[in-house]
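S.K.: 3D model of this:
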Amino acid sequence: MKFNNDQGRLNCGATIPVMGLGTYSSQNDWEETKHAVHMALQMGYRHFDTAKIYGSEPAVGEALREAINAADERIRIEREDIFLTSKLWGSDHTDPVSALHTTLKNLGMEYVDLYLVHWPVSLKPWANYAVPKEEDFERVDMEATWAGMERCLDLGLCRCIGVSNFSPKKLHHLLDFASVPPSVNQVEMHPMFRQRKVREFCRENKIHVSAYSPLGGPGNAWGSTAVVSHPIIQSIALKHKATPPQVALRWGLLKGASMIVKSFNEGRLKENMGALDLRLDDQDLRDIEKMEERKIMRGEVYVNKTTSPYKTLQDLWDDDHI
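M.R.: Numbers count the residues shown, from 1 in each chain. The predicted model follows:
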């Protein structure tokens, strides 16, 4: 079964499919990741999201190349029909060009469609792991980092550049010196963390919002089932004969964001795509606005009192709403 995965236009001229497959997995099993990518392709997924720090770039790239080069035209996919995202890790802020060359080698691709600054955090060159130590932090020089990102664009290594986990204040600072504005800000966003300020700022500045953990990250060590088990989401799902994940995803789509959903399960992959056909009414949206808000991916590992530029979570997010 294939679904209509409509696309949104970015300020760089590219179009981004509104439903994407995230490929972070704590197990990082090569064959499992490849199988999930192949399943997703056959269902109509065209956006695949990876990152250096996920360790999934080689498996994702191999699966996509197999589909691009498939002898059977029924399963063959053209490269230009795929939207591929990867991310610059904090240890590579001093040289995004070299980092992207390494990513492209891992993927076996000539370019990615979107390259994101993963966090507004700069780390020592050896800090190639997800939880930095106190001695790993560097001063953030986003002007230099962004110049490197723009160089990636100039060299044709990517079609678009953007950021992830940036607050409106950090985006405003970036826009002060950027020759090329970010196309995307990928952030945590779901019915229990609605990101109104981020969405408003991005809309005003023609930056597309892409939502990670749009279901609250259930299944991840840091994630929560609070979103899909919330009585309001459950009630709306029952009303429309839908599932709670479909309600949560449809809400995000109606807010103009694209969804990055991580599941390697065939049934859930199909279920998530079914959100594209769900219709929510105005009362549903009003009810969701009543839900309490809390951030699930808080980023405590990037905060310390000594070496990090962010002494508190408020410093990291520029907002009390955490």
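S.K.: dump the residue contacts of Gly20.
M.R.: Applying C-beta atoms under 8 Å, 6 or more residues apart in numbering, we find Gly20 in contact with 45, 47-49, 83, 85, 210, 258-261. Every C-beta, even on glycine, is put in place using the N, C-alpha and C of the backbone.
S.K.: okay, helices next: where are they in the stretch 101-250 of the chain?
M.R.: Assigned by DSSP state H, counting those that start in this stretch, the stretch 101-250 of the chain shows helices spanning 142-154, 168-177, 196-204, 231-240, 244-254.
S.K.: same for the longest one, what does it pack against?
M.R.: So the one you mean is helix 142-154. If contacts are counted by 3 or more C-beta pairs under 8 Å, 6 or more residues apart in numbering; DSSP states H and E, helix 142-154 sits against helix 96-107, strand 112-117, strand 158-164, helix 168-177.
S.K.: which strands and helices sit next to the shortest one?
M.R.: I take that to be strand 112-117. By 3+ C-beta pairs under 8 Å, 6+ apart, strand 112-117 packs against strand 83-88, helix 96-107, helix 142-154, strand 158-164, strand 184-188.
S.K.: make a markdown table from the ones you listed and add mean pLDDT to it.
M.R.: As requested, the helices and strands packed on strand 112-117 are exported to a markdown table (pLDDT from 0 to 100):
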| stretch | mean pLDDT |
| --- | --- |
| strand 83-88 | 98 |
| helix 96-107 | 98 |
| helix 142-154 | 98 |
| strand 158-164 | 98 |
| strand 184-188 | 97 |
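S.K.: and of those, who's closest to Ile16?
M.R.: strand 83-88 (5.7 Å; C-beta to C-beta).
S.K.: Phe264 versus Ala40, what's the distance?
M.R.: Distance of Ala40 to Phe264, given as C-beta to C-beta, to the nearest Å: 9 Å.
S.K.: what about those two, which has more around it?
M.R.: Ala40 (26 against 20; other C-beta atoms under 10 Å).
S.K.: nearest to Glu66, of the contacts of Gly20?
M.R.: Among the contacts of Gly20, and counting by C-beta to C-beta, the member closest to Glu66 is Phe48, at 13.0 Å.
S.K.: the closest one belongs to a strand, doesn't it?
M.R.: Yes. Applying DSSP: H, G, I helix; E, B strand; the rest coil, one finds Phe48 inside a strand.
S.K.: numbering from 481 from now on, please.
M.R.: Taking 481 as the first residue, the last one we looked at is Phe528.
S.K.: Lys742 versus that one, what's the distance?
M.R.: Noted for Phe528: a distance of 11 Å to Lys742, by C-beta to C-beta.
S.K.: tell me, what's touching those two both at once?
M.R.: Common neighbours of Phe528 and Lys742, using C-beta under 8 Å, 6+ apart, are 501, 503.
S.K.: pretty sure Ile712 is touching Arg766, no?
M.R.: No. Ile712 lies out of contact with Arg766 (C-beta atoms under 8 Å); the separation is 10.3 Å.
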